[in-house]
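**Q** Prediction below, plus the sequence it came from.
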Amino acid sequence: AVGIMAALAAVNVRGVGDASAVEIVTVWGKLAVLGLLAGIGIARWEPQSLGTQTSPTVGGVVVGAAAIFMAYEGFQLLTYDYDDIDRPNWTLRRAVLPAVVVVIAVYVAVTLGAGMLVGSPTLVAQKEIALAVAGQEAAGTIGKIIVSIAAAFSAASAINATLFASARLTRRIAEAGELPGFLREENGRGVPQRSVIALGAVGTGLAAIGSLGGLVEAASLTFLVTFAGVNYLAATDSKGSRWLPAIGAVAAGAAALVAAWRLATEQPASLIALATITLAAVAIRPILLHRVEA
């Protein structure tokens with residue numbers, strides 16, 4: 001975790017071109033492997049493999065969706081890259097919603113394929129390494145290795161995109177006076193390098209000390225709360241249609257409550273840590289800004 005964070009922070013500091021190249025390679029690499037795995041599994045179509053010991057409930061589906069919301073959080077990152085996108089208005093309008101649909105299709109196909117290969121109970125039991133087990137079932141040790149490499153590609157693409165976009169958002173917030181001014185600094189390639197390094201350092205610390213399950217659910221809660229706020233602002237301040245953001249605000253807010261309840265009952269340490277970090281940030285922000293400006 002520490003190594004991959006350091007490497008990708010270094011790539012982002014080098015410039016947009018290097019970060020874009022890493023993203024293209026990692027995304028297409030993981031999609032190729034996942035597509036192959038899904039295809040092998042679906043070709044062995046056995047619906048009984050998807051059976052579970054207990055019947056799923058609507059409540060269980062809602063809780064599960066709230067817990068894994070982080071899987072769908074990356075699309076807003078594109079808006080942070082607005083200044084680095086060619087013809088951003090044209091591109092974003094035509095890219096975001098189709099991308100969401102494609103990702104949903106990939107998730108469904110991979111879940112079906114992996115379920116056909118090893119069965120739903122195995123997927124649940126193996127958790128983070130479930131797809132590696134499915135890869136082993138599909139093609140032996142080679143399959144396991146290839147899927148594990150794809151998992152590394154998947155993590156790398158997510159980290160790379162998040163560092164790239166969030167550093168630019170951090171720079172904007174610093175320019176607005178809501179974060180210390182030193183985070184605005186750019187290097188000779190136009191990269192907000194201090195923001196990249198700061199985000200990389202925080203991410204490295206969380207990855208080193210936290211459990212994957214707890215981090216995913218805590219991040220899902222954070223994004224749900226954020227999206228609820230953004231949708232609320234869009235519903236109250238927008239000059240256009242307000243019904244869609246209003247629905248988004250209510251849905252995200254309700255899902256945030258569900259995610260908080262799940263964390264409180266199953267990952268209390270993660271919820272306590274998240275609340276502590278948030279309160280500490282709110283408390284020290286005025287002091288930090290005053291001292292930096294002074």
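**A** Here it is on my side, so go on. Residues are numbered from 1 along each chain as shown.
**Q** So Leu179, which state does it fall into?
**A** coil (DSSP: H, G, I helix; E, B strand; the rest coil).
**Q** Quickly find the element holding the closest residue in space to Leu183 that isn't next to it in sequence.
**A** Leaving aside its chain neighbours, Leu183 sits nearest to Ala174 (4.1 Å; criterion: C-beta to C-beta, 6 or more residues apart in numbering). Just so you know, the C-beta spots here come from the backbone N, C-alpha and C atoms, and that holds for glycine as well. Using DSSP states H and E, Ala174 sits within helix 130-175.
**Q** Tell me the helix or strand right after that helix.
**A** In N-to-C order, the element after helix 130-175 by DSSP H and E is helix 193-209.
**Q** counting contacts, what elements does that following helix pack onto?
**A** helix 2-14, helix 130-175 (3 or more C-beta pairs under 8 Å, 6 or more residues apart in numbering; DSSP states H and E).
**Q** Quick check: what element follows it along the chain?
**A** Once the chain leaves helix 193-209, the next helix or strand it forms, by DSSP H and E, is helix 212-237.
**Q** give me the number of residues near Val33?
**A** Look at Val33: counted by other C-beta atoms under 10 Å, it has 22 neighbours.
**Q** for Val133, that is, sorry about that
**A** 19.
**Q** tell me what the helix holding Ala174 is packed against?
**A** So helix 130-175, by 3+ C-beta pairs under 8 Å, 6+ apart, packs with helix 2-14, helix 16-43, helix 77-80, helix 88-118, helix 120-126, helix 193-209.
**Q** Now render the ones you listed as TSV, adding mean pLDDT and distance to Ile142.
**A** Formatted as TSV, the helices and strands packed on helix 130-175 follow (pLDDT from 0 to 100; distance: least, C-beta to C-beta, whole Å):
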stretch	mean pLDDT	distance to Ile142
helix 2-14	90	23
helix 16-43	91	12
helix 77-80	81	34
helix 88-118	90	15
helix 120-126	86	19
helix 193-209	87	28
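**Q** No further questions, thank you.
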